[in-house]
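In: How does the following fold in three dimensions:
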Amino acid sequence: MYTRFRLLVVLYFAGFIAWPIVATAQTKPETAPPNVVIIFIDDMGYADIGPFGAKDYPTPNLDRMAASGRRFTDFVVSSAVCSASRSALMTGCYHQRIGIDGALGPQSNIGISDSEVTIAEICKSRGYATACYGKWHLGHHPRFLPTSHGFDHYYGIPYSNDMWPLHPENVARMKRNPEAKSAWPPLPLLESSAPGEVTVLNADMQPADQKLMTRQFTQRATDFIRKNAERPFFFYLPHPMVHVPLYVSPEFEGKSGAGLFGDTVMEVDWSVGQILDTLAELGIDDNTLVVFTSDNGPWLSYGEHAGSALPLREGKGTMFEGGYRVPALMQWKGRIPAGTTCDQLSSTIDMLPTIAGLVGAELPDHTIDGKDISGLMFGDSEAKTPHEHFFCFYSPTSLHAVRTQRWKLHFPHQYRTLDGGPGGTGGQPVPYKSAKVGLALFDLENDLSETHDVAAEHPEIVEQLLAAADKIRDELGDKLTDKVGKSVRPPGKMNPDDKRLVW
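Out: Just a heads-up that it's a prediction; the model follows:
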């Protein structure tokens, strides 16, 4: 049913762009299909922006986005780590279902599969212009890059900005042994305008280059919006910041008075302002959905170079609330009620089906896990979370918890923690400790910080959540219980004759 990207490109340039609106998705557009902008921040914690409690530095543009749109205070990601989280956003699936786990590095030989359908392909099927500028992290070979998965244009870095020779651990190791070879290759800046093709613009990014990334990606974003103001567009801006190492342009150095982290958040806030101002200037902000959120919680071991998830427990790399519950704002002037808050459970996996409904596109033939949350987005009084259960998987492919709107059951597992201690300083992390959690039930409605196990008081809730966990283990597997899932799709894999990129 669903037409693959290359055929879509052929049909588009042949002029067949009068695609029929189908009713596969739940939502029917009431107006012209909206433009869509997703701004995806790296490692931003729940409390890192003004609308979610940040006080140490100003975020005026995010404040006004919240004032003209809607805060989502129970918005979660599929997994508290880069590639897994990004794959879920793009495909509307738990990362576990599509075989993407953890954080893919320069030596990885897998990426997003050709058989998966991305938000870009959903929008492309309706004649949208599409672009991605920033950090991709779903495979670095050309066959895995954005232009092979529905995007017209890509400009950015293929994986995290710390995956380079200046990684703190790599620098320390090479100081100990000057003859040692770097564990990381140089970090490249790439550009692509066609499937399977890529140009290396800078084969060896340096600190001076990273300082300019937020500004350059933002300028590209506003240029793209201006160029496509007269047609529908989908733009994805996955900023590499505020992932360590932190870099900020000279215009924002020292501006926050709250250290380098505050400066970096302020520049991200400036970037959001540039997007919002451009939409308003062009008179299209009343037909553009703008989503701002993060891929996971803060990398707490970096201390003063990391953000905060308070009052949530833990951070990136765990499936406690601080790891996978993230700040989220949505604006669509005239459609999303201004200055409102949604406290219902929703997720990045819901973006694909919701956008498909808004633009009048078909959903993929294969199983997806996301739900249409347009009712929550538009503030419908009767709208509730569409998720009976949400499953919290973490690397390596283990089910750590299952939750409902109110309840969350953790299964016995080890997790990393600072155990109340401070993080690092000056961009250097401190080691995590290893801790264990047993079978524990938390009442998120009354104990958001997951501090009091109430399993003994609510055995019936425990039994219900255990039963839900058994079902998803059959479907998606679980290494903690040696379960192999029956419905896991393989990731894309490089063939032996694929040309491996060497930066």
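
In: Every contact and neighbour count from this point should use C-alpha atoms.
Out: Noted.

In: could I have stretch 147-159 exported to PDB, CA atoms only?
Out: The C-alpha coordinates for stretch 147-159 follow below in PDB (Å, rounded to 0.1, in the frame of the first residue of the first chain):
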ATOM      1  CA  THR A 147      18.000  11.700   1.900                       C
ATOM      2  CA  SER A 148      17.600   8.000   1.600                       C
ATOM      3  CA  HIS A 149      14.600   8.200   4.000                       C
ATOM      4  CA  GLY A 150      12.300  10.900   2.700                       C
ATOM      5  CA  PHE A 151      14.300  14.100   3.100                       C
ATOM      6  CA  ASP A 152      15.100  16.300   0.200                       C
ATOM      7  CA  HIS A 153      18.200  17.800   1.800                       C
ATOM      8  CA  TYR A 154      20.500  17.000   4.700                       C
ATOM      9  CA  TYR A 155      23.200  19.100   6.300                       C
ATOM     10  CA  GLY A 156      24.800  18.000   9.600                       C
ATOM     11  CA  ILE A 157      26.800  15.500  11.600                       C
ATOM     12  CA  PRO A 158      26.000  11.800  11.300                       C
ATOM     13  CA  TYR A 159      26.300  11.000  15.000                       C
END
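
In: Could you pull out the buried residues of whichever helix in the chain runs longest?
Out: The residue-count maximum for a helix in the chain (DSSP state H) belongs to helix 259-281. By 16 or more other CA atoms under 10 Å, the buried positions in helix 259-281 come out as 260-276, 278-279.

In: distance of the residue positioned nearest the centre of the chain from residue 495?
Out: Closest to where the C-alpha atoms of the chain average out (CA atoms, centre = their mean) is residue 295, at 3.3 Å. Residue 295 sits 29 Å away from residue 495 when distances are taken as CA to CA, to the nearest Å.

In: ok so, going back, show me how far the helix or strand just after the longest helix of the chain is from its chain's centre.
Out: Sequence-wise, the next helix or strand downstream of helix 259-281 (DSSP states H and E) is strand 288-294. Once both centres are worked out by CA atoms, centre = their mean, to the nearest Å, strand 288-294 turns out to sit 11 Å from its chain's centre.

In: repeat for stretch 101-117
Out: Mean C-alpha position of stretch 101-117 versus that of the full chain (CA atoms, centre = their mean) differs by 15 Å.

In: I'd like the distance between the most far-flung residue of the chain relative to its centre and residue 170.
Out: No residue in the chain has its C-alpha farther from the mean C-alpha position than residue 179, which lies at 38.0 Å (CA atoms, centre = their mean). When CA to CA is the yardstick, residue 179 and residue 170 sit 13 Å from each other.

In: ok, now residue 60?
Out: Distance, residue 60 to residue 170, using CA to CA: 37 Å.

In: Then residue 351?
Out: When CA to CA is the yardstick, residue 351 and residue 170 sit 37 Å from each other.

In: out of those two, which sits in the more crowded spot?
Out: Regarding residue 351 and residue 170, a neighbour count based on other CA atoms under 10 Å identifies residue 351 as having more, with 24 against 18.

In: C-alpha coordinates for the helix or strand hosting that one, PDB please?
Out: Mapping residue 351 onto the secondary structure by DSSP H and E places it in helix 351-359. Coordinates of each C-alpha in helix 351-359 appear next as PDB, following Å, rounded to 0.1, in the frame of the first residue of the first chain:
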ATOM      1  CA  MET A 351       4.300  12.200  16.200                       C
ATOM      2  CA  LEU A 352       4.100  10.100  13.100                       C
ATOM      3  CA  PRO A 353       0.500   9.000  13.300                       C
ATOM      4  CA  THR A 354      -0.600  12.400  14.500                       C
ATOM      5  CA  ILE A 355       1.200  14.200  11.600                       C
ATOM      6  CA  ALA A 356      -0.100  11.600   9.100                       C
ATOM      7  CA  GLY A 357      -3.700  12.400  10.200                       C
ATOM      8  CA  LEU A 358      -3.100  16.200  10.000                       C
ATOM      9  CA  VAL A 359      -1.600  16.100   6.500                       C
END
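
In: Good, wrapping up.
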